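In: for reference, the sequence and a predicted model appear below.
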Amino acid sequence: MAKALPSLLQSRHAEMDDPAESRIDCRQAAEVIDWIYRESWQTDAIDRDGLEWLLAWMRRCDDQRRFEIADGLCVALIGEGRLEEAASVAGELLEESPDPALTHTLALAHAARGDVREAITLLSELVKQPEFDQLPAEVATQVHLDLATLFRRQGNLFKAIPPLTKAVETAARADDPSFLEQAAEALIEQLVEQGGGDEAVEILSPWLDDRRIGLWQQVLAGLGQHLEPAMRERGMTLMIESGDYRTVLNLLIDDASRDEQALMLAFTAALALRAPVEAVCPLAARLLASDEARRGESAPLIAAASVAIAETQGDKNAAQAKWHRDGVVQLISVAKHHGILEQEVRDWAETEGLYHEHGVIDRAARHCLDKLDQPPEWLKQKLTSTTE
């Protein structure tokens, strides 16, 4: 035990070494059992041997906490790979009385030793029992997720959807938002794999509120292409307000191949959010991929902004140097398409205000914003705030 027993209990504890042989009765043992339960078990300061001893005494004394201790012991045994022992301990206790948490652990023991069908049967019956509704939302969520995982292991992908849906509904009641995010991630992965992205949106939509930023991150990252425009806009606005620019940029960059407007939006947002060079420069290169594009009025600002981003990148490395070189070559090419000789590029860039010190990044972003048919409100606000 990590914490020493009080002196008044030490002698009694010494007489309780073997629960089957001890002359101490349950009334006398109660104080020791309670102290070890409180000071060792509940503070996570008890080892497997201590759990076995405590369980033996609790079983002898018909202590209702024995199911909790048995569950902890079985989890420890599973962690050590002693699956048969874990199943045996859980099975014996469950013969005395049903217990949802211990049934869940028994199912995990069966699954770990390869008896997936038995594990599925146990969990499928467990979630139908009235006692299951009394479990904490966090525990019940994990049961649903484990059942879905077992269905997947059997190749029954469609059977996994109902428990995943229940996992989301149950996790929404938990105080810890990570459980809902975990359930949402599993649901999204499953349904996208089966071509059911729209169904995933429908299941998760009731739980999307402005407080659940982590859930919005999951939905935008995994289901962004399945969202209605208004929902996408709401989610991206929340991400910007929370400072999560990467989720927004990743979504816009994924959209960039759709059409020229989507590409321009991604580039404008990347400038406004000061995205890293590896995000900005490839977008600029795509915008300037054709001779016609390099002759356009926007080309000098786009090329110059990508060079400025590369120059101001905080983390100097080989990739940054490459993008800087590529950007300079691109700027020279744009100048040529505008009738500027190579030896005149420096003077031209100075006259046109295309260097970083001229504020070319913000100027380019505002210029590109004007080229967008329907710029999102959050982007307009972001660029307005940078100029105030």
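Out: Looks like it arrived, so ask away. Predicted model only: the values in this text are computed from it and were never measured.

In: count the residues that sit near Leu123.
Out: 26 (other CB atoms under 10 Å). Placement of C-beta: from N, CA and C, glycine included.

In: tell me, how many residues neighbour the nearest residue to it once chain neighbours are set aside?
Out: Setting aside the residues directly before and after it, Leu123 is nearest to Leu147 in space (CB to CB, 6 or more residues apart in numbering), at 4.3 Å. Around Leu147 there are 26 other residues, counting by other CB under 10 Å.

In: phi, psi of Leu147?
Out: Torsion angles at Leu147 (phi, psi; degrees, to the nearest 10) stand at phi -60, psi -40.

In: what's the answer for Glu21, then?
Out: Torsion angles at Glu21 (phi, psi; degrees, to the nearest 10) stand at phi -110, psi -10.

In: what about it, neighbour count?
Out: Per other CB under 10 Å, the neighbour tally for Glu21 reads 7.

In: which SSE is Val192 in?
Out: Secondary structure from DSSP states H and E places Val192 in helix 177-193.

In: tell me the helices and strands packed up against that helix.
Out: For helix 177-193, the elements it packs on are helix 137-153, helix 161-171, helix 197-204, helix 213-223, judged by 3 or more CB pairs under 8 Å, 6 or more residues apart in numbering; DSSP states H and E.

In: check which residues of it are buried.
Out: Neighbour-count burial for helix 177-193, with 16 or more other CB atoms under 10 Å as criterion, is recorded at 179-188, 190-192.

In: where does pLDDT dip in the stretch 1-150 of the chain?
Out: Counting by pLDDT under 70, the stretch 1-150 of the chain has low-confidence residues at 1-2.

In: where do the helices sit along it?
Out: Taking DSSP state H, counting those that start in this stretch as the criterion, the stretch 1-150 of the chain carries its helices at 7-14, 26-36, 48-60, 66-79, 83-96, 100-112, 116-126, 137-153.

In: for those, give me CSV that also has distance to Val168.
Out: As requested, the helices of the stretch 1-150 of the chain are exported to CSV (distance: least, CB to CB, whole Å):
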stretch, distance to Val168
helix 7-14, 47
helix 26-36, 39
helix 48-60, 33
helix 66-79, 25
helix 83-96, 28
helix 100-112, 18
helix 116-126, 17
helix 137-153, 8
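
In: mean neighbour count, these: which tops it?
Out: Highest mean neighbour count among those (mean count of other CB atoms under 10 Å): helix 100-112, with a mean of 23.

In: what's that helix packed up against?
Out: If you count contacts as 3+ CB pairs under 8 Å, 6+ apart, helix 100-112 packs onto helix 66-79, helix 83-96, helix 116-126, helix 137-153.

In: got the CA coordinates for the third one in CSV?
Out: In this case it means helix 116-126. Output of helix 116-126 as CSV, limited to C-alpha atoms (Å, rounded to 0.1, in the frame of the first residue of the first chain):
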residue,chain,number,x,y,z
VAL,A,116,-15.7,-11.8,-30.7
ARG,A,117,-19.1,-13.4,-31.1
GLU,A,118,-19.4,-14.0,-27.3
ALA,A,119,-18.3,-10.4,-26.6
ILE,A,120,-20.9,-9.0,-29.1
THR,A,121,-23.6,-11.1,-27.5
LEU,A,122,-22.7,-9.8,-24.0
LEU,A,123,-22.6,-6.2,-25.0
SER,A,124,-25.8,-6.4,-27.2
GLU,A,125,-27.7,-7.8,-24.2
LEU,A,126,-26.1,-5.3,-21.8
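
In: do you know how far the residue nearest to Leu123 is from Arg363?
Out: Relative to Arg363, Leu147 is positioned 56 Å away (CB to CB, to the nearest Å).

In: and Tyr245, by the same measure?
Out: Tyr245 is 20 Å from Arg363, by CB to CB.

In: what residues does stretch 44-60 touch?
Out: 1-3, 16, 19-20, 26, 29, 33, 36-37, 39-41, 63, 65-66, 69-70, 72-73, 76-77, 80, 89, 93 (CB atoms under 8 Å, 6 or more residues apart in numbering).

In: can we see that at 6 Å?
Out: Residues from elsewhere that reach stretch 44-60, judged by CB atoms under 6 Å, 6 or more residues apart in numbering: 2, 19, 33, 36, 40, 65-66, 69-70, 72-73, 76.

In: same thing with stretch 273-290?
Out: Contact partners of stretch 273-290, identified using CB under 6 Å, 6+ apart, comprise 245, 249, 263, 266-267, 270, 294, 299, 302, 306, 309-310, 313, 320, 323, 327.

In: where's Leu145 relative to Gln10, distance?
Out: 44 Å.
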